[in-house]
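Asks: Have a look at this prediction, sequence included:
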Amino acid sequence: MAENNAEILLDIEEDNNELSLETEEDNKTHKKTLTEWNERLKKAQKGHYIAAEGYSKNEQWLRVPAVVLSAFVSTSVIASFFEATPVQVNYLAGGLSIISTLLLALLSSTRVEEKSHAHERSAAKYGKLSRSIERFLASGKKDTEADSFQESLQNGWDLIADDSPVTPQWARKKIK
């Protein structure tokens with residue numbers, strides 16, 4: 001009977017060692033996967049921030065000249081009410097008015113401000129997912145929790161990807 005108990009204890013000990021090795025391997029696999037996902041999330045976040053910044057700059061390049069030209073045209077129209085202005089000034093004001101209108105139409109039709117905000121929102125969401133991975137890895141939670149964490153992370157990632165605008169090629173090229 002003692003031999004049977006000893007054999008049973010040895011079997012249990014071997015099983016525990018095997019489980020311990022499997023758990024250790026699973027932990028390494030989960031950590032590796034989460035680390036890779038975190039890098040991909042950071043790249044997605046950076047790409048969206050680069051795109052947002054680029055669209056914001058484009059918006060400024062269109063809006064500032066349009067505002068300045070509109071101000072000049074408005075001033076010349078008001079000035080023409082109070083004094084006689086040369087015909088050339090009226091033509092210049094008319095031409096600048098057309099240019100200003102074209103710039104504002106271009107600004108409106110390209111929706112650069114809207115695109116910039118959409119990319120900013122996506123970048124913030126990707127950053128939030130990245131930080132949740134960092135918190136999970138730092139917490140040292142057990143492997144059993146890693147499976148459910150990865151599943152919820154993947155679901156969140158999928159939702160963000162579905163709602164995010166496509167990062168333009170010029171922004172993807174700037175990601176290092």
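Replies: Thanks, I have the structure now.
Asks: does residue 85 sit in a helix, a strand or a coil?
Replies: Three-state call for residue 85 (DSSP: H, G, I helix; E, B strand; the rest coil): coil.
Asks: Surely it and residue 78 touch.
Replies: No - checked against CB atoms under 8 Å, the pair residue 85 and residue 78 is beyond contact range at 10.7 Å. C-beta coordinates here come from the backbone N, C-alpha and C atoms, glycine included.
Asks: Now residue 85, what are its backbone angles?
Replies: Note on residue 85: its backbone torsions stand at phi -110, psi 150 [degrees, to the nearest 10].
Asks: Neighbours of it, how many?
Replies: 15 (other CB atoms under 10 Å).
Asks: do the same with residue 160
Replies: Residues near residue 160, counting by other CB under 10 Å: 19.
Asks: pLDDT value on it, please?
Replies: pLDDT, residue 160: 91.
Asks: what do you get for residue 17?
Replies: On the pLDDT scale, residue 17 gets 43.
Asks: Spatially central, which residue of this protein would that be?
Replies: residue 123 (2.0 Å; CA atoms, centre = their mean).
Asks: Chain neighbours aside, what residue packs nearest to residue 62?
Replies: Leaving aside its chain neighbours, residue 62 sits nearest to residue 107 (4.4 Å; criterion: CB to CB, 6 or more residues apart in numbering).
Asks: OK, contacts around that neighbour?
Replies: 59, 62-63, 66, 113 (CB atoms under 8 Å, 6 or more residues apart in numbering).
Asks: What distance do you get for residue 59 to residue 173?
Replies: In this view, residue 59 and residue 173 are 21 Å apart by CB to CB, to the nearest Å.
Asks: Give me the domain ranges for the chain.
Replies: Residue ranges for the domains of the chain, per automatic domain parsing: 53-110, 118-176.
Asks: quick one: which helix or strand includes residue 161?
Replies: Under the criterion of DSSP states H and E, residue 161 resides in helix 143-163.
Asks: Just the CA atoms of the following helix or strand past that helix, as PDB, please.
Replies: Counting by DSSP H and E, the element after helix 143-163 in chain order, helix or strand, is helix 169-172. This file holds the C-alpha atoms of helix 169-172, laid out as PDB (Å, rounded to 0.1, in the frame of the first residue of the first chain):
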ATOM      1  CA  GLN A 169       0.100  55.900 -47.400                       C
ATOM      2  CA  TRP A 170       2.100  59.000 -46.700                       C
ATOM      3  CA  ALA A 171       1.500  58.700 -43.000                       C
ATOM      4  CA  ARG A 172       2.300  54.900 -43.000                       C
END
